[in-house]
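Undergrad: no FASTA, just this:
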């Protein structure tokens, strides 16, 4: 049996000068549930650029690996621009 897709809402605080990395905040097997949670964050003032939904297997290692890759890519992008993340 194939593993079920797990949807995770990631957040990052772009206003924070140091700690603006992606962090998992909420997850569910039903994407519509995660989208509703994302919409709640938007209603509370979070910008679209501060929210992201990823799809992985449901094991924590898989989620952590995707989050680490996103943060590494963001750090590399920032480094190319010549400023601290």
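TA: Received, thanks. Quick caveat, the model's predicted, so the values are computed rather than measured. Numbering: from 1, shown residues only.
Undergrad: The one helix or strand in the chain whose mean pLDDT sits lowest packs against which elements?
TA: Lowest mean confidence among the helices and strands of the chain (mean pLDDT, DSSP states H and E): helix 60-81, at a mean of 85. If you count contacts as 3 or more Cβ pairs under 8 Å, 6 or more residues apart in numbering; DSSP states H and E, helix 60-81 packs onto strand 6-11, strand 23-28, strand 51-56. C-beta here means a position set from N, CA and C on the backbone, and glycine is covered the same way.
Undergrad: Just name the most buried of those.
TA: Counting by mean count of other Cβ atoms under 10 Å, strand 6-11 has the highest mean neighbour count of those, with a mean of 20.
Undergrad: List the pairing partners of that strand within its sheet, with orientation.
TA: Note on strand 6-11: by DSSP bridges, its sheet partners are strand 23-28 (antiparallel), strand 51-56 (antiparallel).
Undergrad: ok, residues contacting the last one?
TA: Where contact means Cβ atoms under 8 Å, 6 or more residues apart in numbering, the residues beyond strand 51-56 that reach it are 5-11, 22, 31, 34-35, 38, 41-42, 62-63, 65-67, 70.
Undergrad: rerun that using 10 Å as the cut-off
TA: 3, 5-12, 22, 24-27, 31, 34-35, 37-39, 41-42, 62-67, 69-70 (Cβ atoms under 10 Å, 6 or more residues apart in numbering).
Undergrad: now the first one
TA: Contacts of strand 23-28 from elsewhere in the structure, counted by Cβ under 10 Å, 6+ apart, are 6-13, 33-38, 40-41, 51, 53-54, 56, 58, 60, 63-64, 66-67, 71.
Undergrad: what's the closest non-adjacent residue to residue 56?
TA: residue 62 (4.3 Å; Cβ to Cβ, 6 or more residues apart in numbering).
Undergrad: you'd agree the one you found is up against residue 3?
TA: Yes - here residue 62 reaches residue 3: they are 8.9 Å apart, a contact under Cβ atoms under 10 Å.
Undergrad: Just want to know which of these two has more residues nearby.
TA: Counted by other Cβ atoms under 10 Å, residue 62 and residue 3 do not tie: residue 62 has more neighbours, with 16 against 10.
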